[in-house]
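Trainee: okay, here's the prediction I keep looking at, along with the sequence it came from:
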Number of protein chains: 4
Amino acid sequence: MGDNEAAIGETRFERGQRILSQQPFSVLLGTELVRADEHGVELRIPLRAEFLQQHGFAHGGLLSYAADNALTFAGGMALGGRPVLTSEYKINYVRPAVGEAVIVRAQVVYAGRKQAVARCDVFTLRDGVETLVAVGQGTTVVVEQPASTT
Amino acid sequence: MGDNEAAIGETRFERGQRILSQQPFSVLLGTELVRADEHGVELRIPLRAEFLQQHGFAHGGLLSYAADNALTFAGGMALGGRPVLTSEYKINYVRPAVGEAVIVRAQVVYAGRKQAVARCDVFTLRDGVETLVAVGQGTTVVVEQPASTT
Amino acid sequence: MGDNEAAIGETRFERGQRILSQQPFSVLLGTELVRADEHGVELRIPLRAEFLQQHGFAHGGLLSYAADNALTFAGGMALGGRPVLTSEYKINYVRPAVGEAVIVRAQVVYAGRKQAVARCDVFTLRDGVETLVAVGQGTTVVVEQPASTT
Amino acid sequence: MGDNEAAIGETRFERGQRILSQQPFSVLLGTELVRADEHGVELRIPLRAEFLQQHGFAHGGLLSYAADNALTFAGGMALGGRPVLTSEYKINYVRPAVGEAVIVRAQVVYAGRKQAVARCDVFTLRDGVETLVAVGQGTTVVVEQPASTT
């Protein structure tokens, strides 16, 4: 997340949707913003055959993308809508990811003036049942100049 | 990485290429195996417009995918070619990623019977010059049954 | 955590206390087990002047020790009391740590046959008020032979 | 690390030694600065019986402390000697730690204006032989006001 000034009157959800639509990689993967409020964010990625690895599970790189984006969307909202970038995060994969969609929920555990720390849970949705497949934790930082990460 | 028995007479590089070609997500992203030897692996992803985020940089999720895959390819080779999966990793983004390609090099720092720990450096290539954009560290584990991560 | 067979009839709390008393480093630091149940564990370390760094805050190394031990105690209990060791973890420091004690609570988010993934929150206690100072996430693995981490 | 202005004419090594001596926790553990130059830092902690866990290995918390401090000393030097604090790090334990001393070497992989990212290798020294026991990676941030981590 991160970027251009929040448009006047824009809700968190509208802002999140706008930024998501401005990320070509998220458009390529079909990521949808499900929720964005004071409790955090939820993203959803319908699983397609081209997102798998050689065992037929969703590729870890897709789950990582989901975690990265959710952590930073949550962090960016907690930092007041200023442009932000992911600084770092870690992810633990706990189960093979199979199903119709990947769902990731992130919530901020700390937000200061310049950085926010958030956690996320990554699930797969299969026949209406959610299964935890990965957990993440990371840092979002405010970007002073759009062209720099620090 | 991870998967099917190594074919007889297959070199590390051939095996790596075969597995990469069996990962639909890697095929979607156009990942190429550049090197796979006793020192580690190198992957290369030509950057396309659809891999960017809203500031025009390569999306962190793409760099994460690159780190994840390189760590696990390197770990899998150090674990003797048995089926493996990424268990966990962390990544620090250090500079905005711009250029014609993402290059990631991973090398194993420890390999036991069941798990390997590796590090990776992620670069962008621009006008023939490499720039470090992220660093990672993570664990690869041997998969006992193809359908389980533990 | 990790170690010797659980004594017959020993509760989780008793087992945790026994192991803590068998860790010379935990005895040196004065760590107390406050809670150990199906929801996780809570450890408490009364802050002493010799645990500080140069700004007068608790040293990050002390908070790391607290996170490491709590993650592994929680993981070990979820893994059925078999000998375990910390495999890896990450920690984010979010506020300077000042107060009378460090309190850390860990809970398992996934437990398989051989490894468990847990999260923890580290607080300081000051004048009866808890303040979050760090958050962690990590992996505990079952030790096959007491003398090996893998 | 982090702290007071660098004294005039102080070398990196002298500055490192001074800060180490100002950390009561490092004094308690007996940490020695072995090297501090443009390539990074090396710390050494003679192992004592009270630093062990229940299997007779050095406690993970001690190795974590070593990693944390080395990453931040290296980061702090790369950030020009301004007051800094550890922001976050991750550690992978790879072998049981036994021997006469813990040695940790850290080197910076990126330093900007406000933060530095470094890696470290933790070894044990036994009968003159070094064995890698853990690897780490983390972020050091410049402290604007001594009383705040962000």
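Mentor: Right, received. Where do you want to start?
Trainee: is the lengthiest helix in chain A positioned near chain B?
Mentor: Assignment by DSSP state H gives helix A:60-78 as the longest helix of chain A. Yes - among the residues of helix A:60-78, A:60, A:61, A:62, A:64, A:65, A:66, A:68, A:69, A:72 lie within reach of chain B under CB under 8 Å from any CB of the partner chain. Every C-beta, even on glycine, is put in place using the N, C-alpha and C of the backbone.
Trainee: make JSON lines out of these and add distance to residue A:45.
Mentor: As requested, the residues of helix A:60-78 next to chain B are exported to JSON lines (distance: CB to CB, whole Å):
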{"residue": "A:60", "distance to residue A:45": "14"}
{"residue": "A:61", "distance to residue A:45": "12"}
{"residue": "A:62", "distance to residue A:45": "7"}
{"residue": "A:64", "distance to residue A:45": "12"}
{"residue": "A:65", "distance to residue A:45": "8"}
{"residue": "A:66", "distance to residue A:45": "6"}
{"residue": "A:68", "distance to residue A:45": "12"}
{"residue": "A:69", "distance to residue A:45": "9"}
{"residue": "A:72", "distance to residue A:45": "15"}
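Trainee: from those, which is closest to residue A:116?
Mentor: residue A:72 (9.0 Å; CB to CB).
Trainee: OK, contacts around residue A:75?
Mentor: For residue A:75, the contact set (CB atoms under 8 Å, 6 or more residues apart in numbering or on different chains) comprises A:1, A:84, A:86, A:106, A:108, A:111, A:115-118, A:138-140.
Trainee: the same query, at a cut-off of 7 Å, please.
Mentor: Shown in contact with residue A:75 (CB atoms under 7 Å, 6 or more residues apart in numbering or on different chains): A:84, A:108, A:116, A:118, A:140.
Trainee: let me have the residues of helix A:60-78 next to chain B in CSV, adding pLDDT and neighbour count as columns.
Mentor: Shown next, in CSV, are the residues of helix A:60-78 next to chain B (pLDDT from 0 to 100; neighbours: other CB atoms under 10 Å in any protein chain shown):
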residue, pLDDT, neighbour count
A:60, 98, 29
A:61, 98, 26
A:62, 98, 27
A:64, 98, 29
A:65, 98, 29
A:66, 98, 31
A:68, 98, 28
A:69, 98, 31
A:72, 96, 31
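Trainee: also near chain D: which of the residues you listed, exactly?
Mentor: The subset of those lying close to chain D, counting by CB under 7 Å from any CB of the partner chain, is empty.
Trainee: next, the angle helix B:60-78 makes with the longest helix of chain A.
Mentor: With axes from the mean of the first three to the mean of the last three CA atoms, to 10 degrees applied, the angle from helix A:60-78 to helix B:60-78 works out at 140 degrees.
Trainee: so which bits of chain A are right by chain C?
Mentor: A:90, A:92, A:94, A:109, A:110, A:117, A:132, A:135, A:137, A:139.
Trainee: of those, keep whichever come out buried.
Mentor: A:90, A:92, A:94, A:109, A:110, A:117, A:135, A:137, A:139 (16 or more other CB atoms under 10 Å in any protein chain shown).
Trainee: re earlier: and the two most separated of the residues of chain A next to chain C?
Mentor: The most distant members of the residues of chain A next to chain C, if one measures by CB to CB, are A:94 and A:110, lying 23.9 Å apart.
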